[in-house]
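Peer 1: Need the 3D shape of this:
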Amino acid sequence: MRPGSHRPEYETASSFGALCANSHTESIIMVNDICNRAGLDTISTGSIIAFATELYENGILTIKDTDGIDLKWGNHRSMVAMTEKLAKREGLW
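Peer 2: The predicted structure follows:
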């Protein structure tokens, strides 16, 4: 865990965990830290990442739209990468 970061609350674990089909605990801690440092609500951010994943899985968003990130259910690396982009207001966001 990054120094100064906090453990996620249950809502964060739910939105970035079950809602995104993600069981990788460390990634949930990472996105929690990214959101906290950027002043983003973790429940809303997890929900929008899940929505973007649904759009990607159904071909509405493409890999070009996500800047090369393979945004699939359970892909914890892609969720962290998309959360970082969202926090920086890059790409799709």
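
Peer 1: Can you give me the buried ones in stretch 40-60?
Peer 2: Neighbour-count burial for stretch 40-60 flags 40, 42-43, 45-50, 52-53, 55-56 (criterion: 16 or more other C-beta atoms under 10 Å). Bear in mind the C-beta positions are built from the backbone N, C-alpha and C, glycine included.

Peer 1: Kindly report the same for stretch 26-39.
Peer 2: Quick answer for stretch 26-39 (16+ other C-beta under 10 Å): 27-36.

Peer 1: Of these, which is the nearest to T12?
Peer 2: Ranked by distance to T12 (C-beta to C-beta), the buried residues of stretch 26-39 are led by N32 at 5.0 Å.

Peer 1: returning to that earlier point: what would the buried residues of stretch 26-39 look like in a markdown table with distance to R89 and pLDDT?
Peer 2: Shown next, in a markdown table, are the buried residues of stretch 26-39 (distance: C-beta to C-beta, whole Å; pLDDT from 0 to 100):
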| residue | distance to R89 | pLDDT |
| --- | --- | --- |
| S27 | 21 | 95 |
| I28 | 22 | 95 |
| I29 | 23 | 93 |
| M30 | 19 | 94 |
| V31 | 16 | 95 |
| N32 | 19 | 94 |
| D33 | 18 | 94 |
| I34 | 13 | 96 |
| C35 | 14 | 96 |
| N36 | 17 | 93 |
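
Peer 1: Where helices are concerned, which of those count?
Peer 2: Cross-referencing these against helices under DSSP state H gives 27-36.

Peer 1: before we move on, back to that, Serialize the buried residues of stretch 26-39 to a markdown table and add fields for distance to T12.
Peer 2: Listed next are the buried residues of stretch 26-39 as a markdown table, based on distance: C-beta to C-beta, whole Å:
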| residue | distance to T12 |
| --- | --- |
| S27 | 11 |
| I28 | 7 |
| I29 | 9 |
| M30 | 11 |
| V31 | 8 |
| N32 | 5 |
| D33 | 10 |
| I34 | 11 |
| C35 | 8 |
| N36 | 9 |
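
Peer 1: And these, which two are furthest apart?
Peer 2: With C-beta to C-beta as the measure, no two of those lie farther apart than S27 and N36, at 14.8 Å.

Peer 1: For R37, see how far away T53 is.
Peer 2: T53 sits 23 Å away from R37, going by C-beta to C-beta, to the nearest Å.
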